[in-house]
Structure formats: structure tokens, C-alpha cells
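Q: Okay, predicted coordinates and the sequence, questions at the end:
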Amino acid sequence: MNQQTSKIPISSIILDEEIYPRKGIDYKRVAIFAENIRDGFKFDPIEVEPCPDKPGWYRLLDGAHRWSGYKSTGVEEVEAIIKDLDGNDPLLYAAEKAIGPRQLTEDEARDTARRAYAGNSSLSSADIGKAIGRSRQTVDAYIADLRAVNQRSLDIKIFRMHRLGIPQDRIAKKMGVNQASIHNYLLKMATLPNLINADLRVTFRLSQGFTVAQVAQKHGWTDSMI
């Protein structure tokens, strides 16, 4: 990953909540930073990356409380490391930086894991866990329902393409998986019509006024899967 250190206008930096792993700013920490800044203390540069949709703007990767402290003291420019993440997930990078001074809370870790997986389902539990300071097993529990829904969607897509007569190699290329995986999916094809019929029954029951909890209990699924 490439990086450079520069003085940039503090007004050109934003806190993008989509890649911020915490549940908000701790204003007690901001006040401490502000007091130390007024007293002449020097801190490590904050880390930013160029905003993908706002030329000339930067979004914070590390240093939200330092940045807020600088703003509150009227500092106009701040020393920053401008990061090129080279395709790495910015949310997980920010989470990994955040756990240095203070671990993520349970809610913050769970929310970050779910947001990261929802944004990129190819991320492994181990990669997510490393970034948020949790075990692979804990991450598995955080995202189990999201993974189940993603798997169901993948199964149904493969089933439909197979029924249309599309060859396995073309299905594999379209879905971004290897052909051996497609072969294994097709071994399960006999059960998929029942799953699709179950999906239709769920839609019907919800349209008839049944609650999510009632439908989930009927099908033996979690509320989130419904």
C-alpha cells in the first residue's frame, strides 16, 4: 500500500460513517486531545484516503478523535498520511487501526463484521476477525444469518441456470467460483425445488398478514432470514 505524508486542510476531511467502526465520537477524548493540542503536544499524523466520489476530499481511516480535537481548536491544516488501500476493505482497515488504543465494544465489533460481510461476501471470517480483534468462531456467529441468506441466493441462481441448460463451466465463470464448486452445488439440486417452494409460501403468508416471527416459527428459520 502506497502512502505519503502531507499537510491538508482540515475542512477537506470528512468522517464517513460507512467506514467508521465505532458507534460515535467520544467527546471526552476529544476534549482531552483539544487541551493537549492547545498545550503544544504533538500527535501522530491522522490517516485518510481520497473520497471515491468527491475529488479533493478525504475520508478518515484513523484519528477521528484527533481530527475532532484539531477542529475544535481552530487548526486549519493537519499532518496526514494519505493512504492508497489498493483494493483492501476500508472499513476493516479502519477497524484494525481503531483497536490499537481501545478495543471495539461487542456491538461495534458485531456491526462492523456484518457491514464488512454485507459489502463483500468473499471476505473470510478469519480476515474480518483479525481486523476487529475477534476470533473466527465469533465472526461466524456474527454473520451466520447473512451467510445463510447469501448461500440460499447462490444456490437458487445456480439451480435456475442449470435448468436453463447452461453448461457448468459457464455457470462457474458467471458466478465467480470454480467448476468443482458448481458440481458440488448440483449434487444438492434435488432439494432446491423444495427451498424455492418454501420461499413462495413465505411470501404468500407475509402477504396474508402473518408476522415475520410467526412465519419464521412455521418454517424453522430465523427472523432475519424471513
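A: Done, it's in.
Q: where along the protein do the helices fall?
A: 27-38, 64-72, 90-98, 106-119, 125-132, 136-163, 168-175, 179-186, 192-207, 212-219 (DSSP state H).
Q: would you turn the ones you listed into CSV with mean pLDDT, distance to residue 6 and mean neighbour count?
A: C-beta here means a position set from N, CA and C on the backbone, and glycine is covered the same way. Output for the helices of the chain, formatted as CSV (pLDDT from 0 to 100; distance: least, CB to CB, whole Å; neighbours: other CB atoms under 10 Å):
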stretch, mean pLDDT, distance to residue 6, mean neighbour count
helix 27-38, 94, 19, 15
helix 64-72, 95, 15, 21
helix 90-98, 93, 18, 22
helix 106-119, 94, 28, 18
helix 125-132, 94, 26, 20
helix 136-163, 85, 35, 16
helix 168-175, 84, 42, 15
helix 179-186, 76, 45, 15
helix 192-207, 60, 52, 13
helix 212-219, 75, 50, 15
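Q: Find the residue at the geometric middle of the chain.
A: Taking CA atoms, centre = their mean as the criterion, residue 116 is the residue nearest the geometric centre of the chain, at 1.5 Å.
Q: rewinding a little: closest to residue 7 out of the helices of the chain?
A: helix 64-72 (11.9 Å; CB to CB).
Q: So what touches that closest one?
A: The contact list for helix 64-72 (CB atoms under 8 Å, 6 or more residues apart in numbering) reads 10, 13, 15, 20, 22, 25-27, 29-34, 36-37, 43-44, 46, 60, 78.
Q: Run the angle between it and helix 27-38 for me.
A: 60 degrees (axes from the mean of the first three to the mean of the last three CA atoms, to 10 degrees).
Q: and helix 64-72 with helix 90-98, angle?
A: Using the same axes, to 10 degrees: helix 64-72 against helix 90-98 is 90 degrees.
Q: CA atoms only: put helix 64-72 into CSV for me.
A: Extracted in CSV, the C-alpha atoms of helix 64-72 (Å, rounded to 0.1, in the frame of the first residue of the first chain):
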residue,chain,number,x,y,z
ALA,A,64,-11.3,10.7,14.3
HIS,A,65,-10.8,12.0,17.9
ARG,A,66,-7.5,13.8,17.0
TRP,A,67,-9.2,15.3,13.9
SER,A,68,-12.2,16.5,16.1
GLY,A,69,-9.7,17.9,18.6
TYR,A,70,-7.9,19.9,15.9
LYS,A,71,-11.2,21.2,14.5
SER,A,72,-12.3,22.4,18.0
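Q: Which residue ranges make up the domains of this protein?
A: Per automatic domain parsing, the domain ranges recorded for the chain read 3-136, 193-226.
Q: For residue 145, find the nearest of these.
A: domain 193-226 (4.3 Å).
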